[in-house]
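Enquirer: following is a predicted model, sequence given first.
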Amino acid sequence: MSPRESVLVIGGGIAGIQAALDIADRGFKVYLLDTAPSIGGVMASLDKTFPTNDCSICIEAPKMVEVLRHPNIELLTYCEVKEVEGSVGNFRVKLLKKARYVDEDKCNGCGKCAEVCPVKVPNEFDLGIGDRKAIYLPFPQAVPMIYTLDPLCRKGKYRDRGACIGTCVVDCSQCRKCPIAKCVQACHEEGRDAVMLWQRPKKIEIDVGSIIVATGFEVLEPTMMTKYGYGVYKNVILALQYERLLCASGPTAGRILRPSDNKNPKRVAWIQCVGSMDRRTGIKYCSRICCAYATKEAIITKEHSPDVETYIFYTHLKTYGKGFWEYFERAKELGVKYIRSRPAEIKEDPKMGDLVIIYEDLDTNEIKEMKVDMVMLSSAIVPSKGNKELAGILGIELDEYGFFKEKDPYSSSLETNVEGIYLCGCCLGPRDIPESISEASAAAAKAVSSIVRAKGESYGS
């Protein structure tokens, strides 16, 4: 297959996955790249999806497996884009595949290495509320199901945590068997010898006809908003962290437990618009999905424990999607209470860990207080940290907030200022899952069309 019949999709979340599958099903070669060890993105970390409350991973995992098995898709995980040259129909892309310190061809995902690993570190997939081993799978349904050794462990940074690596005086590039690394020993005993402490990053070059950017989003860590106590009070967490507590594959196996004492909370609250439309953060936009996902988490909380009191503190309630208003009405029927307010401050009882929300009730203009066990912050959706660097490499533009910029949102939707490079999903701004998927299919059609035009053929011929 010629380079002109290939597409690079940057980002392995649900948008990137859908774009890759659509293109591959048309008979074109697809390189699906992600900087993480597994594809899946944020959707893989969710418990349910709104407004249907369907199991998130149950929807996404079959697509992830289909990507792995598709003959027209080559998966490039733990990989970064370093340089792009050329134009539509003939892009030369230079990549750097980071070292996993695990042989991808030998690892069968048995997990024996993680069982014996003595080091525990905060789990990024759980947004830091759970732990993982230094050699790990990001989550149980990871694709590819290949373990990755934390580079800090390889460099001896975890020696103070009981790590077994980094004390050897011999350079690993000169030694093929480490006598002190338990993960190496466990893998050897299984007959795999997949753990490779001497592995180095690998440079790769590919030629493609078009490129799709689907790098997703991140959530703002509101450390600057000290009035809410995030990072200070253990029982103030991000809404996405609470999502991991609700999830059966999360650190508490789906049990709702307070981080401070692992007790079941009786009264929980969500604070909306944290960082959004705020002069202190410079974020002037609404993150769109926060009202819906806070409502979803409140509904699931009620389903877990009907006696738990749930409160959502909001200023403006956004119901922009199909069936969303009915979703909010369903939440009210289940007992979820919405309080139109401006939360001013959260204080903590240092002995009990309980929290007091001080707020202005916008319906009565009174200053009130409410005591709760946990508070979840619906923090702003922000661009991925690597957007600026990637935009420079690709030669495409960013908007004032750091999201990728469309050439024209009306006449050239999902196109960039560089012909042959397209956008989809939350790299453009806050989106829900259905919108990201529909944009992915549209971007896939545009990427294929540009290849066909570059070949001088009419589409479908």
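Expert: Nice, I can see it.
Enquirer: nearest residue to M64 other than its sequence neighbours?
Expert: Closest residue to M64 apart from its sequence neighbours, by C-beta to C-beta, 6 or more residues apart in numbering: V143 at 4.2 Å. For glycine as for every other residue, the C-beta is placed from the backbone atoms N, C-alpha and C.
Enquirer: looking at it, the one you found is touching G40, isn't it?
Expert: Yes. Between V143 and G40 there is a contact at 7.0 Å, judged by C-beta atoms under 8 Å.
Enquirer: hey, what's in contact with both of these two?
Expert: By C-beta atoms under 8 Å, 6 or more residues apart in numbering, V143 and G40 have these common neighbours: M64.
Enquirer: all helices of the stretch 351-461 of the chain, in order?
Expert: 387-394, 433-454 (DSSP state H, counting those that start in this stretch).
Enquirer: can you redo those helices as TSV with mean pLDDT and distance to L355?
Expert: Below are these laid out as TSV (pLDDT from 0 to 100; distance: least, C-beta to C-beta, whole Å):
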stretch	mean pLDDT	distance to L355
helix 387-394	98	34
helix 433-454	95	31
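Enquirer: for G275, find the nearest of the ones you listed.
Expert: Closest to G275 of the helices of the stretch 351-461 of the chain, according to C-beta to C-beta: helix 387-394, at 17.5 Å.
Enquirer: CA atoms only: put the closest one into CSV for me.
Expert: Extracted C-alpha coordinates of helix 387-394, given in CSV (Å, rounded to 0.1, in the frame of the first residue of the first chain):
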residue,chain,number,x,y,z
ASN,A,387,-1.1,20.7,22.2
LYS,A,388,1.3,23.6,21.8
GLU,A,389,4.3,21.4,20.9
LEU,A,390,2.2,19.3,18.5
ALA,A,391,0.7,22.3,16.8
GLY,A,392,4.3,23.6,16.2
ILE,A,393,5.3,20.3,14.7
LEU,A,394,2.3,20.1,12.4
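Enquirer: which parts of it are buried?
Expert: Judged by neighbour count (16 or more other C-beta atoms under 10 Å), helix 387-394 contains these buried residues: N387, L390, A391, I393, L394.
Enquirer: helix or strand right after the worst-scoring helix or strand of the chain on mean pLDDT?
Expert: Lowest on mean pLDDT, DSSP states H and E among the helices and strands of the chain sits helix 151-154, with a mean of 83. Next in sequence after helix 151-154, counting helices and strands by DSSP states H and E, comes helix 182-189.
Enquirer: can you give me the mean pLDDT across that next one?
Expert: Throughout helix 182-189, pLDDT has a mean value of 91.
Enquirer: contact partners of that helix?
Expert: So helix 182-189 is contacted by 112-118, 135, 149, 164, 177-178, 193-195, 197 (C-beta under 8 Å, 6+ apart).
Enquirer: those residues in helices, which ones?
Expert: Residues of the contacts of helix 182-189 located in helices (DSSP state H): K112, C113, A114, E115, V116.
Enquirer: residues touching the last one, list them.
Expert: By that I understand V116. K182, C183, Q185, A186.
Enquirer: flag every buried residue along stretch 446-453.
Expert: K446, A447, V448, S450, I451, V452, R453.
Enquirer: how close does the second one sit to V88?
Expert: When C-beta to C-beta, to the nearest Å is the yardstick, A447 and V88 sit 10 Å from each other.
Enquirer: how about I256?
Expert: 51 Å.
Enquirer: please put the alpha-carbon coordinates of stretch 99-107 into PDB.
Expert: Taking C-alpha atoms only, stretch 99-107 is exported to PDB below (Å, rounded to 0.1, in the frame of the first residue of the first chain):
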ATOM      1  CA  ALA A  99      11.000   2.400  25.900                       C
ATOM      2  CA  ARG A 100       8.600   0.300  27.800                       C
ATOM      3  CA  TYR A 101      11.500  -1.800  29.200                       C
ATOM      4  CA  VAL A 102       9.200  -4.700  28.200                       C
ATOM      5  CA  ASP A 103       9.400  -6.600  24.900                       C
ATOM      6  CA  GLU A 104       6.100  -6.200  23.200                       C
ATOM      7  CA  ASP A 105       6.500  -9.400  21.300                       C
ATOM      8  CA  LYS A 106       7.200 -11.500  24.300                       C
ATOM      9  CA  CYS A 107       4.900 -10.100  27.000                       C
END
